[in-house]
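Visitor: Show me how the following folds:
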Amino acid sequence: MHFFEILTMYCLTVFSLLIIILLFSSPVFIYYSLAEPIKAAIITLDDGMLSQYTYAKPILDKYNFKTTFYIICNSVDKENRMNWNNIQTLEEEGHEIGSHSMNHKKLSKLSDEEMTYEIIESKRCLENKGFNVTSFSFPYNDGDDNKNILKNIADNYYIARTASEPLMFFQSRSDNGFVEGNDKYENQCHYSTKNNKNEVQSSFKRYTITGLSHEAYKKSGEYSDDDEMYEQFIEIVESQTKYNTENSIGAIPILIYHMVDYSQDDYSINPNLFEKEMKYLFENGYKIFQMKDIVYNNEEELHIKGY
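Guide: Just a heads-up that it's a prediction; the model follows:
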């Protein structure tokens, strides 16, 4: 082989190596090779239980997760409930405070006057304590199909959260191109099915945002221990990825907790399991949002701000 041929092969080899190095070190290449769908969650804690401050808060602090606490105004300072100083500390440290009514009664069972009091006075009660309240959580998830109740909430809050679905979809499947299939989570979009409840809710999308209470599975008896609960948790939070892209969120799990303690009550989660779940979110790169991060406009409808 002639010297010129050897030199040519050497130069081609070096050039090829340089191209490979440049490609792999390029931010554009890295972006497209590593881009994955956004994984996110919203964590909410209902009822203002003291155990949320005693057990849940230190765990949330450990992972720097900022959440939404829904407070029952007339329960503050009562036995096993947070006091106003606790709630003030939560807001000062970046958590959101929302309304969970005055007395946690089923709204559909009340007179119009009583229902109005539960909805409006609870917002006024919290604002009088200095809290900026923009969202409402339905007690017992009751009343989210009642036009009168929904209108009352819509007149006083920016958004509201009910239950109980594994994922909150920000668009109907017909609008966002979701593929039909056998995925058990694909029928969660309230506004794509035709029945009386969903027809009512379609006019109040901002006020029928769905979350999922962990305890709903526990109470059903479907899961016998914390290991099974944890496996279910992972399945739920991971199920969103097929609906998201690297820069948009089409679906998100809104996680609802109540008591975080060792009581084994139907509405309780063991602190060890709670930490295990928060650790999973942290170690797997989940973005944690608050209810106030859900915004609405006529073009994009409901979505996470910035996504």
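Visitor: so where's the stretch 201-307 of the chain shaky on pLDDT?
Guide: Applying pLDDT under 70 to the stretch 201-307 of the chain flags the ranges 201-202, 221, 224, 299.
Visitor: Tell me which stretches of it form strands.
Guide: Remark: strands assigned in the stretch 201-307 of the chain by DSSP state E, counting those that start in this stretch are 209-213, 251-252, 254-257, 259-260, 268-269, 287-289, 294-297, 301-304.
Visitor: neighbours around residue 135, how many?
Guide: Residues within reach of residue 135, counting by other C-beta atoms under 10 Å, total 26. Using the backbone N, CA and C atoms, a C-beta is placed for each residue, glycine as well.
Visitor: I figured it hits residue 98, correct?
Guide: Yes. Judged on C-beta atoms under 8 Å, residue 135 makes contact with residue 98 at a distance of 4.3 Å.
Visitor: Could you tell me which residues touch both of the two?
Guide: Contact criterion C-beta atoms under 8 Å, 6 or more residues apart in numbering; residues shared by residue 135 and residue 98: 68, 70, 161, 291.
Visitor: For the spatially closest residue to residue 234 that is not a sequence neighbour, list the residues it contacts.
Guide: Spatially, and ignoring its direct neighbours in sequence, residue 234 is nearest to residue 280 (6.5 Å; C-beta to C-beta, 6 or more residues apart in numbering). By C-beta under 8 Å, 6+ apart, residue 280 lies in contact with 230, 233, 234, 237.
Visitor: swap in residue 57?
Guide: Residue 57 touches residue 90, counting by C-beta under 8 Å, 6+ apart.
Visitor: Same question for residue 142.
Guide: Applying C-beta under 8 Å, 6+ apart to residue 142 gives the contacts 106, 107, 108, 109.
Visitor: what's the distance between the closest residue to it other than its chain neighbours and residue 75?
Guide: Computed as C-beta to C-beta, 6+ apart, the closest residue to residue 142 that is not its neighbour in sequence is residue 106, at 4.3 Å. As judged by C-beta to C-beta, to the nearest Å, residue 106 and residue 75 stand 16 Å apart.
Visitor: same deal with residue 100?
Guide: Applying C-beta to C-beta, the value for residue 100 to residue 75 is 9 Å.
Visitor: Quick check: neighbours shared by those two?
Guide: With C-beta under 8 Å, 6+ apart, residue 100 and residue 75 have common neighbours 47, 48.
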